[in-house]
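Asker: Need a 3D model of the sequence below.
(4 chains)
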Number of protein chains: 2
Amino acid sequence: MAVTIKDVAQKANVAASTVSRVIANSSRISTATKERVREAMEELGYHPNFHARSLANQSTKTIGIVMPSSAKVAFQNPFFPEVIRGISTKAYQKGYGLYLSTGQTEEERFEEIVQMVEGQRVDGIVLLYSRKNDLLMPYLQKKKFPFVLIGRPYDLPEQEVTHVNNDNFKAAKMVTEYLSLLGHRQIAFIGGNMEYVVTLDHMKGYKQALEQAGIKVDDSYIVYHDELEEGGQEAIIELMSLQDPPTALVVADDLMTFGVLRMLADTGVSIPDELSIVSFNNVMISELSSPPMTTVDIHIFELGSKAVDCLFEKMLEKDSEPKSVIVPHKLIKRQSCKKYTPTLNP
Amino acid sequence: MAVTIKDVAQKANVAASTVSRVIANSSRISTATKERVREAMEELGYHPNFHARSLANQSTKTIGIVMPSSAKVAFQNPFFPEVIRGISTKAYQKGYGLYLSTGQTEEERFEEIVQMVEGQRVDGIVLLYSRKNDLLMPYLQKKKFPFVLIGRPYDLPEQEVTHVNNDNFKAAKMVTEYLSLLGHRQIAFIGGNMEYVVTLDHMKGYKQALEQAGIKVDDSYIVYHDELEEGGQEAIIELMSLQDPPTALVVADDLMTFGVLRMLADTGVSIPDELSIVSFNNVMISELSSPPMTTVDIHIFELGSKAVDCLFEKMLEKDSEPKSVIVPHKLIKRQSCKKYTPTLNP
DNA sequence: CTGAAAGCGCTTACAG
DNA sequence: CTGAAAGCGCTTACAG
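Answerer: Residues are numbered from 1 along each chain as shown, chains lettered A, B, ... in the order given. All right, here's what the predicted structure looks like:
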């Protein structure tokens, strides 16, 4: 049906092996023959069959991407399109394609990964999230299959898995310190899903900053929610209903912050006058909140492209030393934070 | 290296062909043999090689997704994660995987599609956008390769390509009428990229509504921008600087609306008191704008899943009649629109 | 109900 | 510099 290497060979009056060599641009083929073969390919509109190549080569030129689950909310976080853009850009440059996991649950995804790996459907994998009790990484590790994690491993020793991450601990510490330097002492924390490692790191950074500032950690000021924006809304209700509501807030994710801001606007709390907020990610729309939010830019695109760099190293040299890349973060000051001023009304 | 069908065959004391039949769960194999073979597969940890299967089967069980370009802004629009979620969910149910285009430019993408099609890398394709002077569809059409478009074709006759779309014309007409029923007569329009068909449809709907309401179409009230939110900001500056600024606004995309709202807040125009706004898409964060925006829900998820349904029909029966599915839309009233009230100051 | 053989469309030693 | 042959790991008529 489709035109194959044999058709080209026949037309160019050479053997199929020769055609194969001109596809690979082997130096052992004469320029004349190359020319002739290329012409034949052109005329016939020949394109190599992907699977035949992959089968013979034992390599697929494709990278598998594993996402946390297409659960409505998680996936709509602009974080994912942006990492994928980073991955995609770098992959394209290297002539690699992208294969996407589609499983909704952790089990489905595990099954998918096994198929990808054992079925040799991809040459390497990038994991877009890291969580506690993860099954995927131990499996990949055991198989010695090239993969890189965006985030950091939790159950596995860090020096054993190649990963690209921000220093989320440091970032959270920094923003908390920033708030404390602004004079705030009642600083609350709204974290994401506790299963995710990033949440743990945020929390540690938050706590350490408080301790160093001599502020006692108050557990009622710490609240977690995994449903991004809706979560943000519930969390803020909880916090603002406290006897002694916070005057400042560290929020794990910009999307949550949108929810928080919305709820605060509804309840008439004015930002930053009554409450300072700083959050994480700096996705595209973050600058468009009301007021524009102060947030930590974690350079999502770079997270993705660096991950691909690491993956290629892994793929080229299967037992290269695992490495860890930290992508720097940067505080983007906008208008959701303000120096603490004691309330005048008693 | 990896365990193959032969290893299983040997272990189970059957021929490779028998193993193959067990994999396919052929009714012609005795239960006893099936059992034995399955046991062997289990013990050896056998997983069929994807490429070998695809090669022999001439089918890949994967769907190609072509995105408009990973240009920062376009791709960060939550529209895409959401359609992909729709596609992914349905694809997973049917045991299909997803392959993503990575090209940045139209030419790169064309090259990629050719590879996908000719290299038989995917069984079908879903196009996530439709634009004027598109090269992709005529190519796919000529090749008789199964594909479906999300949107509607422009250069090609509609009845010739299977597509899933909203009635964007009607939706735009409806929102404009809504605004006009609220008493507005100075209704402006901020459209997206003029290359995209949806923009054209929006515009036609807008114009027709005005005409039917006996309002003269004023070209200075019509403005296009393709850079989603930034575009929204520039567009609104342009409009508000007019001698006779509009009192109502139809905006092509919720993200643009975020930009518009941001700019309006900065310049002290209060919504909906001084300006009514309605836009399109109803992505997840749309309800979190200040004020919450009135928008048209276009059921993005359904757009994706219906597209896959259509694609499967196409794939099963290559020359089935092209069909067109219209996903209904729905006006979501929130707080960005208000009855027109003449300004009191002269 | 099962097996031997050919075939899917490539690549790559091996030989010349 | 080029070709014939074997092989990558499956599937599927064909035969029994």
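
Asker: what about A:Ser27, neighbour count?
Answerer: 6 (other CB atoms under 10 Å in any protein chain shown). Quick note: C-beta positions are derived from backbone N, CA and C, even for glycine.

Asker: Check the secondary structure at it for me.
Answerer: coil (DSSP: H, G, I helix; E, B strand; the rest coil).

Asker: and the closest residue to A:Asn13 other than its chain neighbours, how many neighbours?
Answerer: In this structure, A:Asn13 finds its nearest non-sequential neighbour in A:Arg36, 7.5 Å apart by CB to CB, 6 or more residues apart in numbering or on different chains. When neighbours are counted by other CB under 10 Å, A:Arg36 registers 17.

Asker: Go ahead and confirm A:Arg36 touches A:Ala9.
Answerer: No. In this structure, A:Arg36 is not within contact of A:Ala9 by CB atoms under 8 Å, at 10.9 Å.

Asker: need the helices for chain A, in chain order.
Answerer: A:5-12, A:16-23, A:31-44, A:50-57, A:72-76, A:79-93, A:106-118, A:136-143, A:168-181, A:197-212, A:228-240, A:254-266, A:300-316 (DSSP state H).

Asker: Tabulate those helices in a markdown table, adding columns for distance to A:Tyr99.
Answerer: Putting those into a markdown table (distance: least, CB to CB, whole Å) gives the following:
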| stretch | distance to A:Tyr99 |
| --- | --- |
| helix A:5-12 | 25 |
| helix A:16-23 | 23 |
| helix A:31-44 | 27 |
| helix A:50-57 | 12 |
| helix A:72-76 | 17 |
| helix A:79-93 | 10 |
| helix A:106-118 | 7 |
| helix A:136-143 | 15 |
| helix A:168-181 | 28 |
| helix A:197-212 | 25 |
| helix A:228-240 | 26 |
| helix A:254-266 | 27 |
| helix A:300-316 | 13 |
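
Asker: Tell me which of these sits most buried.
Answerer: Most buried of the helices of chain A, by mean neighbour count (mean count of other CB atoms under 10 Å in any protein chain shown): helix A:254-266, with a mean of 25.

Asker: residues touching the residue nearest to A:Asn13, list them.
Answerer: A:Ala12, A:Asn13, A:Val14 (CB atoms under 8 Å, 6 or more residues apart in numbering or on different chains).

Asker: Stretch A:92-108 close to chain B?
Answerer: Yes. Counting by CB under 8 Å from any CB of the partner chain, chain B has neighbours in stretch A:92-108: A:Tyr92, A:Tyr96, A:Gly97, A:Leu98, A:Tyr99, A:Leu100, A:Thr102, A:Gly103, A:Gln104, A:Glu108.

Asker: okay, the last one: pLDDT?
Answerer: So that's A:Glu108. We have a pLDDT of 90 for A:Glu108.

Asker: which residues touch the residue of the stretch 101-250 of chain A found nearest DNA strand C?
Answerer: Closest approach between the stretch 101-250 of chain A and DNA strand C, counting by CB to the nearest atom of the strand: A:Gln120, at 12.9 Å. By CB under 8 Å, 6+ apart, the contact set of A:Gln120 is A:Ser54, A:Gln58, A:Thr60, B:Ala2, B:Asn49, B:Phe50, B:His51.

Asker: picking that back up, out of the residues of stretch A:92-108 next to chain B, which are buried?
Answerer: Neighbour-count burial (16 or more other CB atoms under 10 Å in any protein chain shown) is assigned, among those, to A:Tyr92, A:Tyr96, A:Gly97, A:Leu98, A:Tyr99, A:Leu100, A:Thr102, A:Gly103, A:Gln104.

Asker: Show me what the third one bridges to in the sheet.
Answerer: Right, A:Gly97. A:Thr62 (DSSP bridges).

Asker: which ones are touching it?
Answerer: Applying CB under 8 Å, 6+ apart, the residues contacting A:Gly97 are A:Lys61, A:Thr62, A:Ile63, A:Ala91, B:Tyr99, B:Leu100, B:Thr102, B:Arg121.

Asker: Out of those residues, just show me the ones up against DNA strand D, please.
Answerer: Subset of the contacts of A:Gly97 in contact with DNA strand D: empty, counting by CB under 7 Å from any atom of the strand.
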